[in-house]
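Peer 1: coords please:
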Amino acid sequence: MKILAAIDSFKGSATSEQLNTAALSGILAAFPDLQVQSIPIADGGEGVLDVLAYQENAIRKTIQTTDLLGRQLEVPYLLLGDTAIIESAKIIGIDLVTVGSESISRATTFGLGAVVQSAIQAGAKTIIVSLRGTGTSDGGQGFLKSLETTDLSGVTLIGASDVTNPYYGENGAATIFAAQKGATAAQITQFNARDARFAQELLRDRGIDLQKIPGTGAAGGLGGAIALLGGQLISGFKLISDLVHLEQAILESDLVLTGEGHLDYQSSQGKVVSGVAKLAKKHGKPCVALVGSRSDDLGMLENDLTAAFSIQTRPISLDDAIMTQTTLKNMANTAQNIARLIESFR
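Peer 2: Below is the predicted model of the structure:
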């Protein structure tokens with residue numbers, strides 16, 4: 001039997017690689033003759049660079065830029081041949097600020113432009129920007145300003161996100177996402193009105209309708225800025241899974257292990273567990289999710305997953321549960337028990 005581990009990172013606790021290694025180590029401790037494979041995975045949000053750093057041709061670069069509040073910081077990006085991978089959360093991430101009305105009023109995507117410029121200078125012909133985990137809601141205006149004199153001809157710009165929200169409106173960037181980034185009700189109204197004016201002027205003057213392009217509301221409207229610059233908006237999970245050849249690995253496996261920090265019905269919306277489970281189902285492979293916690297209602301995931309288990313072994317506080325050592329120990333233990341159960345029926 002060959003077992004594949006493709007587990008998403010548990011935010012604030014353990015990386016995808018750590019979790020895969022823990023799960024497979026637990027299995028091998030009991031069944032040393034089994035074949036195993038680890039594929040670090042992400043959905044286009046936080047952890048993208050960590051996942052793709054394991055590619056043979058990955059080269060890590062760093063650049064000095066500014067974060068979402070204009071503070072200096074050094075950030076990494078990756079080169080995979082002539083393709084650059086930029087994790088926007090490293091530059092304009094919500095984890096870089098204390099969330100509140102004051103921070104969201106100042107938050108800008110401007111600093112992201114310097115990283116794109118650096119990638120072009122390094123020879124990148126394709127630039128992929130992951131769009132999850134940002135703390136901005138500036139409609140991508142800062143990003144546009146930072147690149148207004150940059151020659152993007154010959155460069156393919158790609159925004160990676162599974163968000164399909166429009167640029168503005170009742171399902172737009174500000175209305176749906178700004179509150180979680182600290183915006184007040186008044187600020188949300190203000191941001192939405194600003195985005196609507198910009199989009200309507202763009203449609204009138206240049207014939208570009210951001211509202212008809214799915215995903216322009218991603219990352220506080222940064223998706224719209226990428227589209228305006230001639231870029232593409234594509235599924236973050238599909239992009240990453242293609243780069244790491246996940247589907248082929250699933251095809252060659254007998255059991256697939258996946259997981260994330262918290263599993264619920266929203267996990268079916270472009271997250272790793274959903275993507276892995278769908279690929280496994282496509283090829284008739286059992287897929288088991290090992291998660292930090294799970295809800296009773298998993299929505300559409302119930303149709304794709306074989307089973308889903310929390311790795312916790314007792315009642316435990318969140319602070320204790322997310323301790324890295326605890327998470328990895330519990331992951332190894334749970335994965336080993338899954339393997340024991342399956343082996344008992346063989």
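
Peer 1: can you tell me the SS state at Val256?
Peer 2: Judged by DSSP: H, G, I helix; E, B strand; the rest coil, the three-state class of Val256 is strand.

Peer 1: am I right that it is in contact with Gly284?
Peer 2: No. Using C-beta atoms under 8 Å, Val256 is not in contact with Gly284; the gap is 11.0 Å. Where C-beta positions appear, they are placed from N, C-alpha and C, glycine not excepted.

Peer 1: who has more neighbours, the two?
Peer 2: Taking neighbours as other C-beta atoms under 10 Å, Val256 and Gly284 compare with Val256 leading, 28 against 7.

Peer 1: how about that one, what does it touch?
Peer 2: Each residue near Val256 by C-beta atoms under 8 Å, 6 or more residues apart in numbering is listed here: Ile3, Leu4, Ala6, Ile250, Val276, Ala280, Lys285, Pro286, Cys287, Val288.

Peer 1: shouldn't the second one be within a strand?
Peer 2: Yes. Inclusion of Leu4 in a strand is indicated when three-state DSSP is applied.

Peer 1: give the helix, strand or coil label for the closest residue to it other than its chain neighbours.
Peer 2: Leaving aside its sequence neighbours, Leu4 sits nearest to Ser253 (C-beta to C-beta, 6 or more residues apart in numbering; 3.9 Å). Under three-state DSSP, Ser253 falls in the coil class.

Peer 1: what count of nearby residues applies to Ser253?
Peer 2: 24.

Peer 1: how far away is it from Asp319?
Peer 2: 35 Å (C-beta to C-beta, to the nearest Å).

Peer 1: also Ala160?
Peer 2: Ala160 is 32 Å from Asp319, by C-beta to C-beta.

Peer 1: separate out the buried members of the contacts of Val256.
Peer 2: Among the contacts of Val256, those buried by neighbour count (16 or more other C-beta atoms under 10 Å) are Ile3, Leu4, Ala6, Ile250, Val276, Ala280, Lys285, Cys287, Val288.

Peer 1: follow-up on the earlier one: comparing Ala160 and Asp319, which residue is more hemmed in?
Peer 2: More crowded of Ala160 and Asp319, by other C-beta under 10 Å: Ala160, with 31 against 7.

Peer 1: pLDDT value on that one, please?
Peer 2: Confidence at Ala160, expressed as pLDDT, is 93.

Peer 1: can you confirm Ile188 is in a helix?
Peer 2: Yes. Counting by three-state DSSP, Ile188 is part of a helix.

Peer 1: next, count neighbours for it.
Peer 2: For Ile188, the count of nearby residues is 21 (other C-beta under 10 Å).

Peer 1: isn't it right up against Ala178?
Peer 2: Yes. Counting by C-beta under 8 Å, Ile188 does reach Ala178; the two are 4.9 Å apart.

Peer 1: list the buried residues in stretch 302-310.
Peer 2: Buried, per 16+ other C-beta under 10 Å, within stretch 302-310: Asp304, Leu305, Ala308, Phe309, Ser310.

Peer 1: so which of the residues you listed belong to helices?
Peer 2: Among those, the members found in helices (DSSP state H) are Asp304.

Peer 1: got the domain boundaries for the protein?
Peer 2: 2-41+245-344, 48-237 (automatic domain parsing).

Peer 1: let me have the buried residues of stretch 302-310 in JSON lines, extended by distance to Thr109.
Peer 2: Formatted as JSON lines, those follow (distance: C-beta to C-beta, whole Å):
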{"residue": "Asp304", "distance to Thr109": "34"}
{"residue": "Leu305", "distance to Thr109": "36"}
{"residue": "Ala308", "distance to Thr109": "36"}
{"residue": "Phe309", "distance to Thr109": "39"}
{"residue": "Ser310", "distance to Thr109": "37"}
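
Peer 1: and of the buried residues of stretch 302-310, the nearest to Ser103?
Peer 2: Among the buried residues of stretch 302-310, Ser310 lies closest to Ser103 (C-beta to C-beta), at 33.6 Å.

Peer 1: need the contact list for that closest one.
Peer 2: Val291, Gly292, Ser293, Arg294.

Peer 1: where does the residue lying closest to the last one once chain neighbours are set aside land on pLDDT?
Peer 2: Once its chain neighbours are removed from consideration, Arg294 has its nearest residue in Leu263; the separation is 4.2 Å (C-beta to C-beta, 6+ apart). As predicted, Leu263 sits at a pLDDT of 91.

Peer 1: sorry, back to before: of the buried residues of stretch 302-310, which is the nearest to Asn337?
Peer 2: Using C-beta to C-beta, these come closest to Asn337 at Phe309, 8.7 Å.
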